[in-house]
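**Q** okay, predicted coordinates and the sequence, questions at the end:
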Amino acid sequence: MKSADLSSHRISLERIRQASDVIDPVFLNTPQYNCESLSKVLGCELFLKVETLNPIRSFKGRGAEFTLSRINERDLMCASAGNFGQALAYACRKRNVQLTVYASVKANPLKLERMRALGATVILHGEDFDAAKEEARREAKRAGIRIIEDGLVAETAEGAGTMGLELLKLSNLNALLIPLGNGALFNGIGRVFKELHPSTKMIAVQAAGAPAMIDSWKLKKLNVYNSVSTIADGIAVRIPIAEALTDMEALADEALVVKESTILHAMKLLHAHAGLVVEPSGAVGIAAILENPEQFSGKRVATIICGGNLTEDQMKQWL
C-alpha cells in the first residue's frame with residue numbers, strides 16, 4: 001500500500017522528528033509491550049503503550065514541551081479537563097512562564113490540585129470543559145494573553161506524534177486504537193503512521209456519551225452537542241475543533257464509540273492484568289476491542305494508555 005500524499009498536511013512529520021530532540025526525556029520512550037495475559041482474554045496480540053509513568057501521569061507532556069520550545073511569551077492561558085493543564089504547567093514552571101488554566105467546576109479534583117501544585121493559577125468556570133474553554137478565549141482576548149488550545153495548536157499534535165515514531169518499532173501492527181478527544185493524540189500518531197506505515201489501520205475511539213468529534217468526522221461537518229455524559233473526562237469534547245477534524249480526514253480509517261460500562265470493565269482488566277491504574281479515557285481502546293471482538297480476533301493491535309489520574313475515591317469505586 002502506498003502512503004498518502006501528506007506534503008501539505010498541517011501537522012509536519014519533520015517537526016515531529018524535531019520534537020523528539022527537544023521534549024524533556026522524562027516523557028519519551030515510554031514502555032510498549034505485548035501484554036500477554038490481557039491478549040489471551042481479548043483474543044488478539046495486544047500491545048500497550050503506557051503514558052502514565054511520568055511526573056504528570058499522561059502523554060500531554062509531549063505536546064506541551066514541544067509547544068513551549070517554540071514560543072517566547074511569559075504569560076499564557078489554556079483550558080483543560082486536567083491533564084493538558086498539568087502538562088503546560090510543568091513546562092511553564094521550567095521556563096518561568098506564568099500560566100492561567102480555566103477548568104470546569106466539575107473537573108477532577110486531583111487534576112486541579114496537581115495543576116496548582118505545579119504553579120498554575122486555576123480558575124473554575126462552567127459545567128464542562130468546553131464552557132471553560134469559551135471563557136478562557138474571552139479572557140485571553142480581553143487581557144491580550146496568548147491562549148494555547150490543545151488540538152488547535154499544531155505543536156500539541158506534533159509533540160504527541162513522537163509516540164508514533166516509537167510505536168513504529170513494534171512493526172507490522174494491524175491496527176492502532178487511539179483515544180480521541182480534541183485530536184492532538186490521534187492526529188499526531190496518525191500523521192506518522194499514514195506516511196511511514198500506512199497499512200496499519202488507524203482507529204479513533206470515543207465514549208458514546210461524548211461522540212461529537214466522531215459524529216462530526218462521519219458527517220464531514222461540525223456537529224456541536226449541548227452536553228456530554230461520560231466518566232471519560234479527558235476526551236469529553238462537546239464542541240469539536242474544526243482544524244483537528246480537517247487533520248483527521250487524511251488520517252482516520254475508522255472510528256468507534258464505546259459504552260460507559262465497557263470502559264469500566266476495560267479499566268478493571270488493565271488493573272488486573274497489567275497492574276495499571278488507568279483513567280477512563282486511557283481505557284477506551286481496550287473497551288473497543290471488548291465491544292468488537294470479531295474485528296480484532298487474532299490481529300496484532302496496539303492502544304495508548306494515555307492517562308492515569310484517578311482520585312482515591314475513583315480508584316475505590318471503579319477498580
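**A** Structure received. What you see is a predicted model, and the numbers here were worked out from it, not measured in a lab.
**Q** let me know the pLDDT of residue 2.
**A** The model reports residue 2 with a pLDDT of 44.
**Q** residues contacting the closest residue to residue 110 other than its chain neighbours?
**A** Nearest residue to residue 110, sequence neighbours excluded (C-beta to C-beta, 6 or more residues apart in numbering): residue 311, at 4.5 Å. Yep, even glycine has a C-beta here, placed from its N, CA and C like the rest. Residues in contact with residue 311 (C-beta atoms under 8 Å, 6 or more residues apart in numbering) are 108, 109, 110.
**Q** most neighbours, which of those?
**A** Using other C-beta atoms under 10 Å as the neighbour criterion, residue 108 leads the contacts of residue 311 with 20 neighbours.
**Q** ok, now which ones touch that residue?
**A** Counted by C-beta under 8 Å, 6+ apart, residue 108 has contacts 81, 82, 233, 309, 311.
**Q** swap in 7 Å and give it another go.
**A** 82, 233, 309, 311 (C-beta atoms under 7 Å, 6 or more residues apart in numbering).
**Q** ok, so of the residues you listed, who is nearest residue 171?
**A** residue 309 (31.1 Å; C-beta to C-beta).
**Q** would you check how far apart that closest one and residue 264 are?
**A** 16 Å (C-beta to C-beta, to the nearest Å).
**Q** which of these two has more neighbours?
**A** Set side by side, residue 309 and residue 264 show more neighbours around residue 309, with 24 against 17, by other C-beta under 10 Å.
**Q** so which helix or strand takes in the residue nearest to the spatial centre of the chain?
**A** Nearest to the mean C-alpha position of the chain, by C-alpha atoms, centre = their mean, lies residue 185 at 4.3 Å. Assigned by DSSP states H and E, residue 185 belongs to helix 184-196.
**Q** after that helix, which helix or strand is next? Please name it.
**A** Following helix 184-196 in sequence, per DSSP H and E, is strand 201-207.
**Q** contacts for that following strand next, please.
**A** Counting by C-beta under 7 Å, 6+ apart, 174-180, 186, 190, 193-194, 213-214, 230, 232, 235, 251-258, 260, 263, 284-285, 288 sit against strand 201-207.
**Q** from those residues, which land in strands?
**A** Counting by DSSP state E, those place 175, 176, 177, 178, 179, 254, 255, 256, 257, 258 in strands.
**Q** do you know the pLDDT at the closest residue in space to the last one that isn't next to it in sequence?
**A** Residue nearest to residue 258 in three dimensions, not counting chain neighbours: residue 287, with 3.9 Å by C-beta to C-beta, 6+ apart. According to the predicted model, the pLDDT of residue 287 comes to 98.
**Q** also residue 100?
**A** pLDDT, residue 100: 98.
**Q** before we move on, back to that, so what secondary structure elements neighbour the helix holding residue 185?
**A** helix 13-22, helix 154-160, helix 162-167, strand 175-179, strand 201-207, helix 242-249 (3 or more C-beta pairs under 7 Å, 6 or more residues apart in numbering; DSSP states H and E).
**Q** ok, which of the ones you listed comes nearest residue 45?
**A** strand 175-179 (10.8 Å).
**Q** neighbouring strands - and their directions - for the closest one?
**A** Strand 175-179 has its sheet partners listed here by DSSP bridges as strand 201-207 (parallel), strand 300-305 (parallel).
**Q** how about these, which one is nearest residue 22?
**A** Per C-beta to C-beta, nearest to residue 22 of the strands paired with strand 175-179: strand 300-305, 21.2 Å.
**Q** mind exporting the closest one as PDB, just the C-alpha atoms?
**A** This file holds the C-alpha atoms of strand 300-305, laid out as PDB (Å, rounded to 0.1, in the frame of the first residue of the first chain):
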ATOM      1  CA  ARG A 300      -1.800  -7.600  16.100                       C
ATOM      2  CA  VAL A 301      -3.100  -4.400  17.700                       C
ATOM      3  CA  ALA A 302      -1.900  -1.600  20.000                       C
ATOM      4  CA  THR A 303      -3.500   1.100  22.100                       C
ATOM      5  CA  ILE A 304      -2.400   4.100  24.100                       C
ATOM      6  CA  ILE A 305      -2.800   4.200  27.800                       C
END
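**Q** so how far is it from its chain's centroid?
**A** 14 Å (C-alpha atoms, centre = their mean, to the nearest Å).
**Q** many thanks, I have nothing further to ask.
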